[in-house]
Each structure stands twice: as structure tokens, then as C-alpha cells.
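1. below: sequence and its predicted model.
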Amino acid sequence: NAYINPVIRIAISTHGMLFLCNRPQSCILDKGKVDIPMECYLRYGETLTAGANRLLSNAFPKASDLKPTFTISYHLKRTDQSFGLSVHVDMEDDSILCDPRFKGGKLWTFQQIEHNLGTHFFSECFELEYEHLKQVIGIREKYKVS
């Protein structure tokens, strides 16, 4: 009777930095820890693209030009019943991040993040994803067309 719950997690980067905020106190896991701002379960029969677009349109109803990019799939070590699908969105205009739902959110440099890794400051999922996100963002910044 094993089952898998795919979780879509959307990381937002702008100007080579990651946008992070505190997880709500209502979360089951890692309450109050710093994490990427969006996650939800993939619905039965829903594609990754449709799920990521649903999550983005719920978070940013007025922003229709966001283009999510699939970055990594991984198995959460905490349980045999779920795995993460990480999606990355690169934003040129970070003004839409000034939204009450992301209260306390801010842009983090890689140096700031690395200073706090391994100190139980970030969520477990974020720590699993971090190195990969850093590589993806670094490559995108290096080859970005101005």
C-alpha cells in the first residue's frame, strides 16, 4: 500500500539571488524555518507544468509572463511517501515579491545562505535542493542575454 505524494516546490531567483521566507506556523513540517516561498501537492493526473502554473497563478494572479523551468526531482529522506519536484523561476522584475503573503521574505545571496546552512535555520527540503539551485542559477546568470 505504498503511495507517493509529489510535492512541487518553486524557487524564485532574481539578479543572482534566491527569494526566501519563513514557512507558516500552520505547516506540518519545518514550521517557521526559512524556505523557498511556494509549494503544493501535484494533483492526480496533473502535469508538472500545469501544477507549477497553478501554483504561480495562485501566488501571482496578475503576473502572466512567469515561465517556470523544471530543475530537479528528488526523494525526500524523511518519508517513503513523498518526493519533491523542484521548479525554478527567474524574475527580472522583483517588485511582485512585495506581497503580504510573503511577509518577511527577502532576497538572499549564496554567501548568506551558505553561512546558515547546517544550523537548522533552513527547512530540510531547502537544504537538499540548495546545491542544485545554486548551480542552476549560476549557469543562468552566466549565460543570461542582456
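-> Yep, that arrived. Numbering: from 1, shown residues only.

2. strands along this structure, start to end?
-> Along the chain, the stretches classed as strands by DSSP state E are 5-14, 17-22, 34-35, 38-41, 69-75, 82-90, 106-108.

3. wait, which of those is closest to Arg140?
-> strand 82-90 (5.8 Å; CB to CB). Backbone N, C-alpha and C define where each C-beta goes, glycine included.

4. so where's this protein shaky on pLDDT?
-> The chain contains residues with pLDDT under 70 at 1-4, 72-85, 145-146.

5. now with 50, please.
-> 1 (pLDDT under 50).

6. please name the nearest non-neighbouring residue to Asn53.
-> Setting aside the residues directly before and after it, Asn53 is nearest to Pro68 in space (CB to CB, 6 or more residues apart in numbering), at 6.9 Å.

7. hmm, the one you found is touching Met91, no?
-> No: applying CB atoms under 8 Å as the test, Pro68 and Met91 come out as separate, 11.1 Å apart.

8. hey, which helix is longest across the protein?
-> For the chain, the longest helix by residue count, based on DSSP state H, is helix 124-142.

9. partners of the closest residue to Gly32 other than its chain neighbours in the sheet?
-> Among residues not flanking Gly32 along the chain, Asn22 sits closest, at 5.5 Å (CB to CB, 6+ apart). Beta bridges link Asn22 to Val34, judged by DSSP bridges.

10. distance check, Met91 against Tyr41.
-> 24 Å (CB to CB, to the nearest Å).

11. of the two, who's got more company?
-> Counted by other CB atoms under 10 Å, Met91 and Tyr41 do not tie: Met91 has more neighbours, with 18 against 12.

12. quick one: residues contacting that one.
-> Contact partners of Met91, counting by CB atoms under 8 Å, 6 or more residues apart in numbering, are Ile12, Ser13, Thr14, Leu66, Leu97.

13. count of neighbours near the fourth one?
-> Translated: Leu66. For Leu66, the neighbour count with other CB under 10 Å is 17.

14. over to the third one?
-> Other residues within reach of Thr14, judged by other CB under 10 Å, total 18.
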